[in-house]
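In: Predicted model follows, preceded by the sequence.
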Amino acid sequence: MADTMAASTTARARARGGRRLSAFLPGAPQLAAGRWGAGGLALLVWLGCLWVLVARLARVVEALGGSWDERLALATLVAALATVWGWSWWDAGRAEGPRRVGVSQWDLAVRAFSKNRTAVAGLMVIVVLYLIALLTPLLAPHDPALQGDLISERYVGLSGAHPLGTDQFARDVLSRLLYGARISLLIGFVSVGISVTIGTLLGAIAGFMGGILDGIIMRVVDMVISFPQLVLLITIIALFEPSIFLIVAVLGLTLWPGTARIVRGEVLTLREREFVQAATALGYSKRRIILRHLIPNALAPVIVAATLGIGNTIVLEAGLSFLGLGVQPPTPSWGTMVADGRNVLLNAWWLSTFPGLAIVFTVLSFNLVGDGLRDALDPRLRS
């Protein structure tokens, strides 16, 4: 009894010390406890946002009365600082509360994922990329569409005024790279969100209902998959004027068959489980069984497929932009930036190199996270 009380007192004292430390340096208590993934990410976001607040103070003040884009960046900055601080303070003081009895499968998955250092590093890169994309109006040194003097500032290499050089129209490559990240990451996230939603619903309906409805849905899946994806995308986009909305809609409406097949396979095994049979015996509607019992239990492979799909979608969008069928100039995207520099690779190597590296590291990060989630969510692969 005395040992238990002493351990409890020590835990409370450690929690109070952690909260005091997190009040000044969020993420530090987690790093001290050996949780380098969560603590490192929190500390990185906190220090990065503080740097933006201090180094770009004039822009932060101007953003108060600026455009909606600038106000969104300011709101993101404030939300990131508050979230990191609040989470670190709350997490550092959890030892004061009562201990939970039992561990859920999601807790086990989080623990397994946190032990995968490459996956955690990929997640950190993804979080930083999306944060940079949202804070771009406060970070970009120049307007991405602003053209300089074509005689003296065209194809200028890396310099203090232009850290990543300029392009054929004397536009700052760094600014265009930052704004291009918003386009590529937005298209990847929204398109996969649409495709995963459609694929999950149709796959769950097909797997649970079976019969003629299952046959119709799966024949539609086979028909969509049978078309060469790139040719189908080029054909649809060529019939209409290319725009961000069209690209998101086309990608989202053509990438769902893979998810539908995955969910259908999961539901075919889940519908024979006892909890589904019990829900049916209790008279629950088919809609409730699908939405509240089957889909939540089939989410693990869907999350993995979605994570991997974002990287593939970013590459696909970059390919369309490279071919001139994606985002149209002067709106920057990584694909169009690579295309702009393909004819001057020897003289102005920076035009294609930096957006190409951005695509590589972004897709690699998503793939690492996807592999880590696959290992963490599969009980057979957990160590």
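Out: Good, I have the coordinates.

In: Distance of residue 87 relative to residue 42?
Out: 7 Å (C-beta to C-beta, to the nearest Å). C-beta here means a position set from N, CA and C on the backbone, and glycine is covered the same way.

In: who's more crowded, these two?
Out: residue 42 (25 against 16; other C-beta atoms under 10 Å).

In: For this protein, give me the ranges with low pLDDT.
Out: 1-18, 94-106, 378-383 (pLDDT under 70).

In: Who's the closest spatial neighbour of residue 134, skipping the chain neighbours?
Out: residue 76 (4.2 Å; C-beta to C-beta, 6 or more residues apart in numbering).

In: no no, residue 158
Out: residue 165 (5.4 Å).

In: residues in contact with the one you found?
Out: 155, 156, 157, 158, 159, 173, 348, 350, 351 (C-beta atoms under 8 Å, 6 or more residues apart in numbering).

In: Please report phi then psi for it.
Out: The phi and psi torsions at residue 165 (degrees, to the nearest 10) take the values phi 80, psi -170.

In: Next one: it from residue 181, what distance?
Out: Distance from residue 165 to residue 181, by C-beta to C-beta: 17 Å.

In: Flag every buried residue along the helix ranked longest in the chain.
Out: In terms of residue count, the longest helix belonging to the chain (DSSP state H) is helix 173-209. Buried positions in helix 173-209, judged by neighbour count with 16 or more other C-beta atoms under 10 Å: 173-185, 187-192, 194-196, 198-208.

In: Next: stretch 325-336.
Out: 325, 326, 327, 331, 332, 333, 334, 335, 336.

In: could I get those as CSV with secondary structure and distance to residue 57?
Out: Below are those laid out as CSV (DSSP: H, G, I helix; E, B strand; the rest coil; distance: C-beta to C-beta, whole Å):
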residue, secondary structure, distance to residue 57
325, coil, 41
326, coil, 36
327, coil, 32
331, coil, 29
332, coil, 26
333, coil, 30
334, helix, 30
335, helix, 34
336, helix, 32
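
In: and the two most separated of these?
Out: 325 and 332 (16.0 Å; C-beta to C-beta).

In: hang on, the earlier thing: give me the angle between the helix or strand following the longest helix of the chain and helix 173-209.
Out: Using DSSP states H and E, the helix or strand that follows helix 173-209 in sequence is helix 211-226. Interaxial angle, helix 211-226 versus helix 173-209 (axes from the mean of the first three to the mean of the last three C-alpha atoms, to 10 degrees): 150 degrees.

In: Can you name every helix or strand that helix 211-226 contacts?
Out: helix 173-209, helix 257-270 (3 or more C-beta pairs under 8 Å, 6 or more residues apart in numbering; DSSP states H and E).

In: Work out the gap between the shortest one and the centre of the chain.
Out: Its chain's average C-alpha position is 23 Å from that of helix 257-270, according to C-alpha atoms, centre = their mean, to the nearest Å.

In: List the buried residues for it?
Out: By neighbour count on 16+ other C-beta under 10 Å, the buried set for helix 257-270 is 257, 258, 259, 260, 261, 262, 263, 264, 266, 267, 270.

In: Does the second one touch residue 306 like I think?
Out: No. The pair residue 258 / residue 306 is not scored as a contact, 10.4 Å apart, by C-beta atoms under 8 Å.
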